[in-house]
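In: What follows is a predicted protein model with its sequence.
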Amino acid sequence: MNIFDNCIKRQEKIDSIVETLGIKDIIDKNSLVKERVVNPSHYVVMLGETSSGKSALINSILEKKIMIESVKPTTGVVAEVVVSDEEDIWSKVGKDGSITELEKDEFDKLVVNPTSDIHRLRYKGRSKEDKFAGIRLFDTPGYGSLVDYHEDILREFIPEGDFIVYVVSYRVGLNDDDYQFLKYVGEIISDKVEVILAINMCPKDTTEDNKRITEIRKNINECIHRDVETFLIESSSEKNPDAQKLWNYIYERVNNPEKIEELGEALKNYQDYVLGECEIKVNSKIASIESAQNDLNERKKLTKEFFECKEEITAILERGFTKTKVKSVRLIDKAAATIKEDVRKYVEDETKWTKREETYSFMQHYYVPKLTTEETEHILSYIEDEIILLDKAMKEILNKTATVLEDKVKVNIPCYSEVMEGILKKHIGDAMKQAAGEMFRSFDSKKKGNKDSSRTNFKRLESTDTEYDINNKGLAKLIKAIRATSLKGITHYLSVFTDSIIYLYDTLTWQNKIQEISMEAIDNWAQDVEGAVRKYIDEFKETNRREIMSLFDELTQEFSEDETDDVIEDIDHETLIKLKREIDFILHKCLFASI
């Protein structure tokens, strides 16, 4: 029996427990997990310019023209292709999470002209080979100048990928937009994401030692700081490109034992999270039945303490993040002024230049980006140090508070000890449960009532990392996002040099023109970095706030004497004890063995 069969059998027992309890919040979470257990998927994100032939490559795995192969550059919709054993199903996924089936002609129209309510389009159907079932392909919009809307879409989907296939047309090669975007991609993806280069539309009999192929591969490796596996694909307008080697490679990588184990272990961790939720509810109900009447006063005292602790800790959190954000913005202003002064001195010092014709290239591709990168790293170093200190202080307060509250429960309401232990383990003690909890909270915060679980790749829970810390991962993501914004911004704003080259050759005005372009680029860069700092620090603060609120709200709910919608009703004490034993067996006894 393989790892996924074990997951499915385990899921059947979990479904039975969840159904017996009948608690909506747990039912919803279990539905998300079950959908992935039954249909374990691997995410392949297709990136590249509009003219690169991404859609044609996707059609090649289906061996039929499902995706329109000539889409205008302004299209801003992601099209998901789910390779399955079902017949053709076209649908749209709304921003509210709703899924609506479409006719093929409706689907095609929305690919070209998507409406504002669409999150993405989805096609589900058979491949030319059954072995490819279970692969999800995401055909992203051509990024062009990387307008904000496209960037938001791509930022959401790129980190979710197991594989990124970067498609480049042999005829067109790499342009400035490619370089800009590749550097951005290199910053936001994790080390576990594999990048594959597909050079499309190659002339017949092109080999890997072809000068153009070598140049494209070398430039991409330099942009994303890794070596990419490269596939050369011959194409013609008469037929789909022959990409069999590409898809076979992805199939082999997807079915690599390490990849399978990683996905299976991640699914098991999410199942454990759902079981942990069930365990807390069952223990809470048992404690409520067994507790004496005089325990009510102790529970009231504790719920009051929970509220006071929550208020105190969230206030510390707010002050800490506000301080970091305000100081960071000041550092950005200071950095912009410093860079401008350095540029001014450098341009005015004519001894620095050998040929005037080389100055614009030097400023565009080296000097100004070097200065902005150095200043960005100084700012990020400050942010990182401040957040690490704040995180350490918060952990000390939380652990101290948790110890005091746990001791009070053991002494005054011993029947609630297991409830307290389960909640604290879920929110403080168990890193995997913290990560899973944040995934569910993030999912809920994005789309209330969204039943579309496929927008989140559950495998991104890095279950094999014993040092996993949700704040460390969140901080790393924040740093990457700000760094990527800085790099993208200065690259984009300095591209004006290319358009202004004719003015740079003027003997009398070239220095002024270089300064003018550089100063404007630096101002725009600073504005972008400030916006990113404000946005990502606020998002990270919200992640931390959600975790704290979730901890104390759950404690308050389970210890409160008031009944809520999330309680177990009409289950007798004997049945609860049986459920408790069954949960314990699935969690701690059978582990991942055949059930």
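Out: Thanks, I have the structure now.
In: At which residues are the helices of the stretch 51-200 of the chain located?
Out: For the stretch 51-200 of the chain, the helices defined by DSSP state H, counting those that start in this stretch occupy 54-62, 104-112, 148-157, 176-188.
In: ah, wrong one, I meant the stretch 301-450 of the chain
Out: With DSSP H, counting those that start in this stretch as the criterion, the stretch 301-450 of the chain has helices spanning 356-362, 368-412, 417-424, 431-446.
In: ok, Ile316 to Ala287 distance?
Out: 31 Å (Cβ to Cβ, to the nearest Å). C-beta here means a position set from N, CA and C on the backbone, and glycine is covered the same way.
In: Comparing those two, which shows the higher neighbour count?
Out: Neighbour totals were compared for Ile316 and Ala287, and Ala287 leads with 22 against 14 (other Cβ atoms under 10 Å).
In: that's a helix at the more buried one, yeah?
Out: Yes: assessed by DSSP: H, G, I helix; E, B strand; the rest coil, Ala287 belongs to a helix.
In: That one against Tyr416, yeah?
Out: Yes: counting by Cβ atoms under 8 Å, Tyr416 is a contact partner of Ala287 at 4.6 Å.
In: Kindly compare burial across the helices of the stretch 301-450 of the chain and name the winner.
Out: helix 417-424 (a mean of 21; mean count of other Cβ atoms under 10 Å).
In: Which elements pack onto the host helix or strand of Tyr43?
Out: According to DSSP states H and E, Tyr43 maps onto strand 42-47. Under the contact definition 3 or more Cβ pairs under 8 Å, 6 or more residues apart in numbering; DSSP states H and E, strand 42-47 sits against helix 54-62, strand 135-139, strand 163-169.
In: What residues sit buried inside that strand?
Out: His42, Tyr43, Val44, Val45, Met46, Leu47 (16 or more other Cβ atoms under 10 Å).
In: Closest one of those residues to Leu32?
Out: Tyr43 (15.7 Å; Cβ to Cβ).
In: quick revisit: got a markdown table for the buried residues of strand 42-47, with distance to Ala476 and pLDDT too?
Out: A markdown table is the format used below for the buried residues of strand 42-47 (distance: Cβ to Cβ, whole Å; pLDDT from 0 to 100):
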| residue | distance to Ala476 | pLDDT |
| --- | --- | --- |
| His42 | 23 | 80 |
| Tyr43 | 20 | 85 |
| Val44 | 24 | 90 |
| Val45 | 20 | 89 |
| Met46 | 26 | 90 |
| Leu47 | 22 | 89 |
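In: if we can go back for a sec, nearest approach to Lys340 belongs to which of the helices of the stretch 301-450 of the chain?
Out: Of all the helices of the stretch 301-450 of the chain, it is helix 368-412 that lies closest to Lys340, at 9.4 Å by Cβ to Cβ.
In: rewinding a little: deepest-packed of the helices of the stretch 51-200 of the chain, please.
Out: helix 54-62 (a mean of 24).
In: what's the average pLDDT for that helix?
Out: Averaged across helix 54-62, the pLDDT comes to 88.
In: Show me the strands in the stretch 151-300 of the chain, by range?
Out: 163-169, 194-202, 229-234 (DSSP state E, counting those that start in this stretch).
In: The closest residue to Glu418 other than its chain neighbours: what's it in contact with?
Out: Excluding its sequence neighbours, the residue lying closest to Glu418 (Cβ to Cβ, 6 or more residues apart in numbering) is Asn283, at 4.5 Å. Contact analysis of Asn283 by Cβ atoms under 8 Å, 6 or more residues apart in numbering lists Glu418, Val419, Gly422, Lys580.
In: still on that earlier bit, tell me which two in the buried residues of strand 42-47 are the farthest apart.
Out: Of all pairs drawn from the buried residues of strand 42-47, the greatest distance, 16.4 Å, lies between His42 and Leu47 (Cβ to Cβ).
In: Any stretches of the stretch 251-400 of the chain with poor pLDDT?
Out: In the predicted model, the stretch 251-400 of the chain carries pLDDT under 70 at residues 293-294, 350-358.
In: same question but for the stretch 1-150 of the chain, I mixed them up
Out: For the stretch 1-150 of the chain (pLDDT under 70), the answer is 1, 70-76, 143-150.
In: mind listing the strands in it by residue range?
Out: So, for the stretch 1-150 of the chain - with DSSP E, counting those that start in this stretch - the strands run 42-47, 78-83, 89-94, 99-102, 118-125, 135-139.
In: quick one: which of those is nearest Ile482?
Out: strand 42-47 (21.5 Å).
In: Counting neighbours, what do you get for His588?
Out: 10.
In: which SS state does it fall under?
Out: helix.
In: This protein - how does it break down into domains?
Out: The chain is divided into the following domains under automatic domain parsing: 41-255, 297-411+464-562.
In: thinking again about what came up before, can I get the buried residues of strand 42-47 in CSV with distance to Thr491?
Out: CSV is the format used below for those (distance: Cβ to Cβ, whole Å):
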residue, distance to Thr491
His42, 32
Tyr43, 27
Val44, 27
Val45, 22
Met46, 23
Leu47, 17
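In: Val409: which of those residues is nearest?
Out: Tyr43 (42.7 Å).
In: partner residues bridging that closest one?
Out: For Tyr43, the beta-bridge partners under DSSP bridges are Arg136.
In: Please tell me how far it sits from Tyr170.
Out: 26 Å.
In: what does Met519 give?
Out: Taken as Cβ to Cβ, the span from Met519 to Tyr170 is 39 Å.
In: Looking only at neighbour counts, state which of the two leads.
Out: Tyr170 (21 against 15).
In: Spatially nearest residue to the more buried one (excluding sequence neighbours)?
Out: Cys202 (4.6 Å).
In: ok, now which ones touch the one you found?
Out: Contacts of Cys202 (Cβ under 8 Å, 6+ apart): Tyr170, Ile213, Leu232, Ile233, Glu234, Ser235.
In: which two from those end up farthest apart in space?
Out: Ile213 and Ser235 (14.7 Å).
In: circling back to that earlier point, indicate which one of the strands of the stretch 151-300 of the chain is closest to Lys34.
Out: strand 163-169 (24.8 Å).
In: distance between that closest one and the chain's centre?
Out: A distance of 19 Å separates the centroid of the chain from that of strand 163-169, by Cα atoms, centre = their mean, to the nearest Å.
In: Stretch 374-394 now?
Out: On the basis of Cα atoms, centre = their mean, stretch 374-394 sits 21 Å off its chain's mean C-alpha point.
In: Quick check, Lys92 in contact with Val111.
Out: No: with contacts counted by Cβ under 8 Å, Lys92 stays clear of Val111, the gap being 10.2 Å.
In: what touches both of these two?
Out: Contacts common to Lys92 and Val111, judged by Cβ under 8 Å, 6+ apart, are Leu121.
In: hang on, the earlier thing: so what's the residue nearest to Tyr170 bridging to?
Out: For Cys202, the beta-bridge partners under DSSP bridges are Glu234.
In: mind checking how far it is from Gly173?
Out: Applying Cβ to Cβ to Cys202 and Gly173 gives a distance of 12 Å.
In: re the thing from before, among the strands of the stretch 1-150 of the chain, which is nearest Val529?
Out: Here strand 42-47 is closest among those (Cβ to Cβ), at 24.2 Å.
In: Tell me how far the closest one lies from the chain's centre.
Out: 13 Å.
In: again with stretch 413-432
Out: 28 Å.
In: okay, now the closest residue in space to Thr575 that isn't next to it in sequence: neighbour count?
Out: Leaving aside its sequence neighbours, Thr575 sits nearest to Thr20 (Cβ to Cβ, 6+ apart; 7.6 Å). For Thr20, the tally of surrounding residues (other Cβ under 10 Å) stands at 17.
In: next one: Asn30
Out: 26.
In: for Asn2, same thing?
Out: Count around Asn2 with other Cβ under 10 Å applied: 9.
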